[in-house]
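Q: okay, predicted coordinates and the sequence, questions at the end:
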Amino acid sequence: MMNLYKSLSPRQWKCPGMLNGWITALMLGCILSSCHKSMYDVSEEFYYRPEGIYLGVADSVKAVPGYNRVKLTWQVKADPRITQTLIYWNQRKDSAVVPITRAQNERIPAEYILGNLKEGDYIFELLTQNGTGLRSLPKQVSASVYGDIYISNLRNRVIASITKQPNGNMLIAWNPIASASILYTTVTYDSGGVLQAVRVENADTQTLLQGLQSGSNIQVTTSFLPAGALDTLTASAQTYKLP
């Protein structure tokens with residue numbers, strides 16, 4: 001811009017309209033030049049960065065907790081130097097390497113499931129890396145992994161009453177569900193040596209069971225899906241003796 005001012009004649013300095021025209025033309029030229037940048041121009045920009053510059057960080061990192069496992073999802077930026085993502089947890093005592101492959105130099109989604117995790121709270125760190133060991137800055141995400149302790153605190157849907165019908169069938173009356181994370185409830189029983197399973201939806205208030213005798217047992221289990229969870233969790237079975 002300073003060179004532009006130096007190139008103007010005194011007459012042009014005194015004419016604001018002419019000066020504004022020069023500035024407008026300069027700005028328009030810059031805009032048109034940037035509009036011609038393609039995806040490959042952006043990739044080339046990454047290639048020619050000095051090696052001391054970090055790689056593109058993992059973006060939009062999320063953790064979906066499950067039973068003794070967690071699914072991590074993220075976006076890999078269009079930096080063509082990125083060849084893998086490193087995942088650290090347990091204060092970097094544990095780690096995993098996820099190779100990154102793509103047909104074109106563009107942003108792509110990635111995911112990875114970490115299994116065999118103990119129940120508890122975790123902080124995961126994700127870093128991208130190239131073939132020479134150059135890394136990005138870390139991105140962190142936290143998650144609480146479910147396990148047997150969590151399941152032991154789940155409560156089955158409560159039976160309000162069990163009534164024997166004149167024809168010998170059993171009628172179960174249910175209390176309303178006590179948790180929004182309940183998916184459904186299952187009643188299992190033995191009928192003539194054949195195991196039967198009846199699914200009870202949350203909206204059901206009654207369930208009729210056939211082929212049962214007084215004094216026999218049924219088992220009730222309720223399945224849960226906590227908000228944002230990866231796996232369905234089932235409470236320990238509860239046994240009822242029929243009247």
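A: Perfect, I can see it now.
Q: now stretch 91-105: buried residues?
A: Buried positions in stretch 91-105, judged by neighbour count with 16 or more other Cβ atoms under 10 Å: 98, 105. Where C-beta positions appear, they are placed from N, C-alpha and C, glycine not excepted.
Q: end-to-end on that stretch?
A: 32 Å (Cα to Cα, to the nearest Å).
Q: can you tell me the helix or strand for residue 149?
A: Assigning secondary structure by DSSP states H and E places residue 149 in helix 148-152.
Q: which strands and helices sit next to the helix or strand that that helix is followed by?
A: Per DSSP H and E, the first helix or strand lying C-terminal to helix 148-152 is strand 159-164. With contacts defined as 3 or more Cβ pairs under 8 Å, 6 or more residues apart in numbering; DSSP states H and E, strand 159-164 has these neighbours: strand 170-174.
Q: in the strand it packs on, which residues are buried?
A: 170, 172, 174.
Q: just the closest of these to residue 138, please.
A: residue 174 (48.9 Å; Cβ to Cβ).
Q: so who does that closest one touch?
A: 157, 158, 159, 160, 185, 200, 204, 205, 206, 207 (Cβ atoms under 8 Å, 6 or more residues apart in numbering).
Q: who wins for neighbours among those residues?
A: Counting neighbours by other Cβ atoms under 10 Å, the top entry in the contacts of residue 174 is residue 185, with 25 neighbours.
Q: and that residue, what helix or strand is that in?
A: Here residue 185 is assigned to strand 182-191, by DSSP H and E.
Q: which other helices and strands contact that strand?
A: Strand 182-191 packs on strand 194-201, strand 206-209, strand 217-224, going by 3+ Cβ pairs under 8 Å, 6+ apart.
Q: export it as PDB, just CAs?
A: Listed next in PDB are the C-alpha coordinates belonging to strand 182-191 (Å, rounded to 0.1, in the frame of the first residue of the first chain):
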ATOM      1  CA  ILE A 182     -34.600 -47.700  30.500                       C
ATOM      2  CA  LEU A 183     -35.100 -49.300  27.100                       C
ATOM      3  CA  TYR A 184     -37.300 -52.200  27.900                       C
ATOM      4  CA  THR A 185     -37.800 -55.100  30.500                       C
ATOM      5  CA  THR A 186     -37.600 -58.800  29.900                       C
ATOM      6  CA  VAL A 187     -39.500 -61.500  31.700                       C
ATOM      7  CA  THR A 188     -38.000 -65.100  31.400                       C
ATOM      8  CA  TYR A 189     -39.500 -68.300  32.700                       C
ATOM      9  CA  ASP A 190     -39.500 -72.000  32.100                       C
ATOM     10  CA  SER A 191     -42.600 -73.400  30.400                       C
END
